[in-house]
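Participant: got a predicted model here, sequence first, then my questions.
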Amino acid sequence: KLQQQLDQRPVPEPAATPPASAPKVPSSNRPSRRNGRVPLPAALPRVPEYIDPDPRLIENMRCIGEDITEILEYIPAGFYVRQIIRRKYVPSGGLGSVVMGPLPALPIEKGRPGPGILAYIITSKFCDHLPLYRLEQIFARHGLHIPRTTQWGWVRDSADLLVAIVLAMKRLILASEKIHTDDTYIPIQDKSRTQVREGYLWPHIDMANNVYFDYTTTRSGEGPQQMLGGYQGYIQADAFNGYDSLYGEGKATEVGCWAHARRKFDEALATDPLRANEMLALIAQLYVIEKKARQEHLDAEGTKALRQKFSQPILEDQIKPLLESWGPEVLPKSPIGKAVTYAVNQWEALNRYLEDGILCIDNSVSERVIKLVALGRKNWLFSGSDAGARRAAILYSLIASCKLCGIDPFVYLRDVLERINTHPAHRVDELTPPQWKERFLPRIALPRLPTKAGKQAE
């Protein structure tokens, strides 16, 4: 019934039309929803391989066409040595000083790694979750001896170079209208190396997909207060009491997370399926409305109007009465009791997203971001120190922002590491992933591996 009501609404014009320059994907290259093979990407190079019948069979015959079968293949990634050859010149008469061109700016002064290898190591560890000892083994298969200690030194120096970009993202985030935040732990190995303790990473995300990971040694309200104290916009987070000091008159406005509320009712399915299923069905209707807003590309005002017409009655006339009636009936410490208590205590914050169309129904974007850390710690197990964790926070900030912006982290890091030492400091905002995507990505051309003859492979 709700879907029918949504479908019967007049569909407004989209808030923004795609730019005229955006290329249209040919229908033949679009992924089909039907079962079958999806065409291989047109951007991949094609290497023709001709097969003819036995020459004796085609004598006195002419070719009338060809049948093309495309097979996806793989060539192992290659390394190459970039030789920077600077010719020396002296005056023809033999007197005078030698003239030689300057070395181009390198990420690590007097170091051997180029921006490509640095970007590869950072992306492999912080995006693909490969520990450095595994990268050491991969390099060895290519005949390279790059110990993990050397790799970590390169990662450390790269993080120190990139910190200015991350601090710029922090400033932009604190100036935005809303911030998503959450926290997750990261194991830290003490100097004694006899035990592992926990540090915490706190992601902060704005509307432009800038991400800033803050690191603290404890999980308390002190960390959020240092980062967000004085912020007066919307903060969307879970119900962690460490955020409470941030909310109030003249402070930030709390926005709740329906994904957290829904999860608690899902956990109550085993012990109280009737109540849990009834509530989950109503919450699902709220998400149907959010999906409709996305499908119609509604702007903030259109989203707000849709929510107030359809979501608000579900919240006020159906969900709220159920919570009020169930409260006295359920055991407070039972799974369903905890779910009801959470929703009742967070009711005002859970309804906040109705007030402004820029707000989200949940904090899922933060949970997607911290998944990077959660997957990583299953592989690299721990950070060697607090300083290492802080540098990891710098690199996770850039990787997470790239992923939210739909950017290949390797392409971004390689380009930024190449230009960071010569880019004007007052224009550092241009190197944040959202702005870099608009300004530099359309002009990026990655180098291709040279052939044995010294020419670049076509």
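Facilitator: All right, it came through fine.

Participant: and Ile138, how many residues sit next to it?
Facilitator: 14 (other Cβ atoms under 10 Å). C-betas here are computed from N, CA, C, even on glycine.

Participant: what's the separation between it and Glu73?
Facilitator: 20 Å (Cβ to Cβ, to the nearest Å).

Participant: ok, Leu44 next?
Facilitator: Distance from Leu44 to Glu73, by Cβ to Cβ: 10 Å.

Participant: quick check on those two: which one has the bigger neighbour count.
Facilitator: More crowded of Leu44 and Glu73, by other Cβ under 10 Å: Leu44, with 10 against 7.

Participant: and the pLDDT for the more buried one?
Facilitator: At Leu44, the model reports a pLDDT of 79.

Participant: element containing Ile188?
Facilitator: strand 184-189 (DSSP states H and E).

Participant: and that strand, what other elements does it pack with?
Facilitator: strand 196-205, helix 364-380, helix 386-405 (3 or more Cβ pairs under 8 Å, 6 or more residues apart in numbering; DSSP states H and E).

Participant: how about a cut-off of 6 Å?
Facilitator: Packing contacts for strand 184-189, counted by 3 or more Cβ pairs under 6 Å, 6 or more residues apart in numbering; DSSP states H and E, involve strand 196-205.

Participant: so Ala393 touches Tyr212, yeah?
Facilitator: No - Ala393 is not in contact with Tyr212 according to Cβ atoms under 6 Å; the separation is 8.4 Å.

Participant: so where do the strands sit in the chain?
Facilitator: Counting by DSSP state E, the chain has these strands, from start to end: 88-89, 99-100, 178-181, 184-189, 196-205, 211-216, 234-236, 253-255.

Participant: nearest to Gly384, out of these?
Facilitator: Closest to Gly384 of the strands of the chain, according to Cβ to Cβ: strand 184-189, at 5.5 Å.

Participant: can you give me the buried ones in that closest one?
Facilitator: Under the neighbour-count criterion of 16 or more other Cβ atoms under 10 Å, strand 184-189 has Thr184, Ile186, Ile188, Gln189 buried.

Participant: what does stretch 197-209 give?
Facilitator: By neighbour count with 16+ other Cβ under 10 Å, stretch 197-209 contains the buried residues Gly199, Tyr200, Leu201, Trp202, Pro203, His204, Ile205, Asp206, Ala208, Asn209.

Participant: the third one contacts Phe213, doesn't it?
Facilitator: Yes - the pair Leu201 / Phe213 is scored as a contact, 5.1 Å apart, by Cβ under 6 Å.

Participant: so what sits against both of those two?
Facilitator: Ala393 (Cβ atoms under 6 Å, 6 or more residues apart in numbering).

Participant: quick one: the helices in the stretch 151-300 of the chain, in order.
Facilitator: 222-228, 258-267, 273-295, 300-306 (DSSP state H, counting those that start in this stretch).

Participant: CSV for the ones you listed, including distance to Ser385 and mean neighbour count?
Facilitator: CSV is the format used below for the helices of the stretch 151-300 of the chain (distance: least, Cβ to Cβ, whole Å; neighbours: other Cβ atoms under 10 Å):
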stretch, distance to Ser385, mean neighbour count
helix 222-228, 18, 18
helix 258-267, 32, 19
helix 273-295, 42, 16
helix 300-306, 44, 17
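
Participant: could I get those helices as a markdown table with mean pLDDT and distance to Pro147?
Facilitator: Listed next are the helices of the stretch 151-300 of the chain as a markdown table, based on pLDDT from 0 to 100; distance: least, Cβ to Cβ, whole Å:
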| stretch | mean pLDDT | distance to Pro147 |
| --- | --- | --- |
| helix 222-228 | 92 | 34 |
| helix 258-267 | 95 | 43 |
| helix 273-295 | 95 | 48 |
| helix 300-306 | 95 | 52 |
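
Participant: so which of the ones you listed comes closest to Asp160?
Facilitator: Using Cβ to Cβ, those put helix 222-228 closest to Asp160, at 21.0 Å.

Participant: out of the helices of the stretch 151-300 of the chain, nearest to Leu2?
Facilitator: Leu2 lies closest to helix 273-295 among the helices of the stretch 151-300 of the chain, at 5.3 Å (Cβ to Cβ).

Participant: got the CA coordinates for the closest one in PDB?
Facilitator: Presented in PDB, the C-alpha positions along helix 273-295 are these (Å, rounded to 0.1, in the frame of the first residue of the first chain):
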ATOM      1  CA  PRO A 273       9.700 -12.800  17.000                       C
ATOM      2  CA  LEU A 274       6.200 -11.300  17.000                       C
ATOM      3  CA  ARG A 275       7.200  -7.900  18.300                       C
ATOM      4  CA  ALA A 276      10.500  -7.800  16.600                       C
ATOM      5  CA  ASN A 277       9.000  -8.700  13.200                       C
ATOM      6  CA  GLU A 278       6.300  -6.100  13.500                       C
ATOM      7  CA  MET A 279       8.800  -3.400  14.300                       C
ATOM      8  CA  LEU A 280      11.200  -4.500  11.600                       C
ATOM      9  CA  ALA A 281       8.400  -4.300   9.000                       C
ATOM     10  CA  LEU A 282       7.600  -0.700  10.000                       C
ATOM     11  CA  ILE A 283      11.200   0.300   9.900                       C
ATOM     12  CA  ALA A 284      11.500  -1.300   6.400                       C
ATOM     13  CA  GLN A 285       8.700   1.100   5.300                       C
ATOM     14  CA  LEU A 286      10.900   4.000   6.400                       C
ATOM     15  CA  TYR A 287      13.700   2.700   4.200                       C
ATOM     16  CA  VAL A 288      11.300   2.300   1.200                       C
ATOM     17  CA  ILE A 289      10.600   6.000   1.400                       C
ATOM     18  CA  GLU A 290      14.300   6.800   1.500                       C
ATOM     19  CA  LYS A 291      14.900   4.600  -1.600                       C
ATOM     20  CA  LYS A 292      12.100   6.400  -3.400                       C
ATOM     21  CA  ALA A 293      13.800   9.800  -2.700                       C
ATOM     22  CA  ARG A 294      17.100   8.500  -4.100                       C
ATOM     23  CA  GLN A 295      15.400   7.100  -7.200                       C
END
